[in-house]
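>>> Here is my input; please provide its structure:
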Amino acid sequence: MMLAVQACSLGSKTEKVASIPAWVSTPPADTSETIYGIGSGFSYNEAKDAALKDITGKLITEISSQSKSEISQFNASVSRSANQQISTRTINTQLSDYKVLRSEQVGGELFMQISMSRRGFIKTTSSRLKELDDKIKSTMRGLSGKTKLQQLIAVQDLEPPIDKARSLVLLLQAAGGKQNTDKYLSYYNNVLEKSNNLLYSVQFNISSSANLKNFARHLVALMHNEKIAASISGKKKADAYVQISGTIKSSVMFSQYISQLKVRIKISDKNNRVISVREYETSGSSPSDANSASASAIEIMGDQFRDNGILESLGLIKNNA
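Model (predicted):
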């Protein structure tokens, strides 16, 4: 009886493998005109998405093999970062100019084969790249006449569109685009370099109410760790002025000292234009004394600033995560 059951089991498995369409087992080779993708799923959309991801995977593999494109003129770390982004984000890139060639239902599973025109994909992707590139260059042309702080904010905000533009450039190269795409990468590297230069050259002046001096000192230390120039001085000239106000109150609960920290951070440029206003609240505790509890609250808020990004926490740039 056991042998009979095993035989039936092996027979059913053999039958399932044999029933897979031949065009799935031996997919067509890609050509200079067309890229093919094969996928399966338990619905039409699942099968189509799997087939598109098959094409996307081929493009990512091609990108990874193009070491010349990955070596940037800025530094190697920027190149590695861009390659990681293309590897994760391209899966969600909407491919264009594809069509379903065939599909076949096998049991509850649908197999699908699609084809994508290289020429059509290159044309659509080039159009998307031009749109992004025009916006980036327009922002860079508009920097003249802005304060150094405003320039920093504008250029830092360009990082997400630059990431998308770099991904499109690499996709074009992988798809076999003939246009000179290296010029785009060179330009974006220059923009990123300018962004870093601005970040390290902007001088921040930190001031606070007397009860929040310790928090102000902690914030300066966090900024120094990020190589951002910051100091506590009410007289020194600066590009950005950070005013900290708020409260820090302590209480005792169940033999535990609790400190509640509330801060309001206002940032202005040298022309007294308010750039950002942010409010934060956290608490800390200590079994020993109120000062230790206050230090704990300050440390916890500082950790949040560091984890979220100093400039993001100060409201100077958007969180790009």
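
>>> Flag every buried residue along the helix or strand that contains residue 303.
Assigned by DSSP states H and E, residue 303 belongs to helix 290-308. Within helix 290-308, the residues that count as buried by 16 or more other CB atoms under 10 Å are 290, 292-298, 301-302, 305. Placement of C-beta: from N, CA and C, glycine included.

>>> now stretch 227-238
Quick answer for stretch 227-238 (16+ other CB under 10 Å): 228-230, 232, 238.

>>> That stretch: how far from the chain's middle?
30 Å (CA atoms, centre = their mean, to the nearest Å).

>>> Which parts of the protein are helices?
Taking DSSP state H as the test, the helices found in the chain are 2-18, 22-25, 44-65, 67-70, 76-89, 118-141, 148-156, 159-175, 182-201, 213-225, 290-308, 310-313.

>>> want to throw those helices into a markdown table with mean pLDDT and distance to residue 99?
Formatted as a markdown table, these follow (pLDDT from 0 to 100; distance: least, CB to CB, whole Å):
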| stretch | mean pLDDT | distance to residue 99 |
| --- | --- | --- |
| helix 2-18 | 49 | 28 |
| helix 22-25 | 92 | 15 |
| helix 44-65 | 88 | 11 |
| helix 67-70 | 44 | 29 |
| helix 76-89 | 45 | 24 |
| helix 118-141 | 94 | 10 |
| helix 148-156 | 92 | 41 |
| helix 159-175 | 89 | 17 |
| helix 182-201 | 92 | 29 |
| helix 213-225 | 96 | 53 |
| helix 290-308 | 96 | 44 |
| helix 310-313 | 92 | 43 |
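
>>> Present those helices as a markdown table; the columns should include distance to residue 270.
Formatted as a markdown table, the helices of the chain follow (distance: least, CB to CB, whole Å):
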| stretch | distance to residue 270 |
| --- | --- |
| helix 2-18 | 72 |
| helix 22-25 | 66 |
| helix 44-65 | 43 |
| helix 67-70 | 40 |
| helix 76-89 | 30 |
| helix 118-141 | 21 |
| helix 148-156 | 8 |
| helix 159-175 | 24 |
| helix 182-201 | 14 |
| helix 213-225 | 18 |
| helix 290-308 | 23 |
| helix 310-313 | 18 |
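
>>> To residue 283, which of these lies closest?
In terms of CB to CB, the element of the helices of the chain nearest to residue 283 is helix 290-308, at 5.6 Å.
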